[in-house]
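**Q** please work out how this folds:
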Amino acid sequence: MSEIRTPSSLKWLLDKRSRLMGDLQKLKKSYPQTMRTLRERISKAEQELMLAKEQYDYQRSVTPAQMRMLEADLEAIDRSLSLHAIQINPELLEPLHGQEAIRITSYGAVTRNIHKCLRIANGKPLLTTQIAIYVAKQCEVNLTERQFPEFKESVRCRLKGLAYKGKVTRLPTPKGGEGKWVMNSANSQYVAKSPIATLWDD
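**A** The predicted structure follows:
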């Protein structure tokens, strides 16, 4: 009885079919996990984009106002120094780092915007002044330079109340320095360890 032989072309087709079946099975097996991973990456990217936009809006609205206030304070101090019996050249005085400020007014809206401000900071400590400026902007409160200190004090008091409840933490600061605040991680809606945080680096 003669042996039945498989033509080479048929063998090639069978081998190719076997390889294609293997590739198909691998795809079917990996597809669900691949899609889950990509959806998670998209969700994370959307969160980071939202955070970046909020941080951008914060910097655009708060930082210029804070710089104007600091400049006004410096001018006032310089005028006082010029009246001093012993003349002091302000240019010779070195800047004191880490002394900045912030303020608030309203209650429910103030509290919500304090939380939002610290959440946007993403773990970066913020001065009371920065928080107060942000809250005033969000609450659409128009304050003069004379009114701002009182508003800032009300924000500081609210921050102290939130710290007492364990919602925020006041970081240790040098004597006479302005308070710096962070949101406790357990109360943060979004805490990301991403390059976005560098936007808040000094």
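**Q** tell me which strands and helices the lowest-mean-pLDDT helix or strand in the chain is in contact with?
**A** When each helix and strand of the chain is scored by mean pLDDT, DSSP states H and E, helix 8-82 comes last, with a mean of 84. Counting contacts by 3 or more Cβ pairs under 8 Å, 6 or more residues apart in numbering; DSSP states H and E, helix 8-82 packs against helix 108-121, helix 128-138. Where C-beta positions appear, they are placed from N, C-alpha and C, glycine not excepted.
**Q** and it with helix 108-121, angle?
**A** Interaxial angle, helix 8-82 versus helix 108-121 (axes from the mean of the first three to the mean of the last three Cα atoms, to 10 degrees): 120 degrees.
**Q** that older thread, looking at the helices and strands packed on helix 8-82, which is nearest to Arg158?
**A** helix 108-121 (5.6 Å; Cβ to Cβ).
**Q** let's have the helices and strands packed on helix 8-82 in TSV, adding mean pLDDT.
**A** Shown next, in TSV, are these (pLDDT from 0 to 100):
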stretch	mean pLDDT
helix 108-121	89
helix 128-138	88
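**Q** most packed of these?
**A** Comparing those by mean neighbour count (mean count of other Cβ atoms under 10 Å), helix 128-138 ranks first with a mean of 26.
**Q** just after that one, pick out the following helix or strand.
**A** Using DSSP states H and E, the next helix or strand after helix 128-138 towards the C-terminus is helix 148-164.
**Q** dump that next one to PDB, restricted to CA.
**A** Extracted in PDB, the C-alpha atoms of helix 148-164 (Å, rounded to 0.1, in the frame of the first residue of the first chain):
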ATOM      1  CA  PHE A 148      -8.300  93.000  50.900                       C
ATOM      2  CA  PRO A 149      -6.600  92.600  54.300                       C
ATOM      3  CA  GLU A 150      -9.900  92.200  56.100                       C
ATOM      4  CA  PHE A 151     -11.100  89.700  53.500                       C
ATOM      5  CA  LYS A 152      -7.800  87.800  53.800                       C
ATOM      6  CA  GLU A 153      -8.200  87.600  57.500                       C
ATOM      7  CA  SER A 154     -11.700  86.000  57.100                       C
ATOM      8  CA  VAL A 155     -10.200  83.500  54.700                       C
ATOM      9  CA  ARG A 156      -7.400  82.700  57.200                       C
ATOM     10  CA  CYS A 157     -10.000  82.200  60.000                       C
ATOM     11  CA  ARG A 158     -11.900  79.800  57.700                       C
ATOM     12  CA  LEU A 159      -8.600  77.900  56.900                       C
ATOM     13  CA  LYS A 160      -8.000  77.600  60.600                       C
ATOM     14  CA  GLY A 161     -11.500  76.100  61.000                       C
ATOM     15  CA  LEU A 162     -10.800  73.600  58.300                       C
ATOM     16  CA  ALA A 163      -7.500  72.700  59.800                       C
ATOM     17  CA  TYR A 164      -9.300  72.100  63.200                       C
END
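**Q** want to throw the helices and strands packed on helix 8-82 into CSV with distance to Ile42?
**A** Below are the helices and strands packed on helix 8-82 laid out as CSV (distance: least, Cβ to Cβ, whole Å):
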stretch, distance to Ile42
helix 108-121, 21
helix 128-138, 29
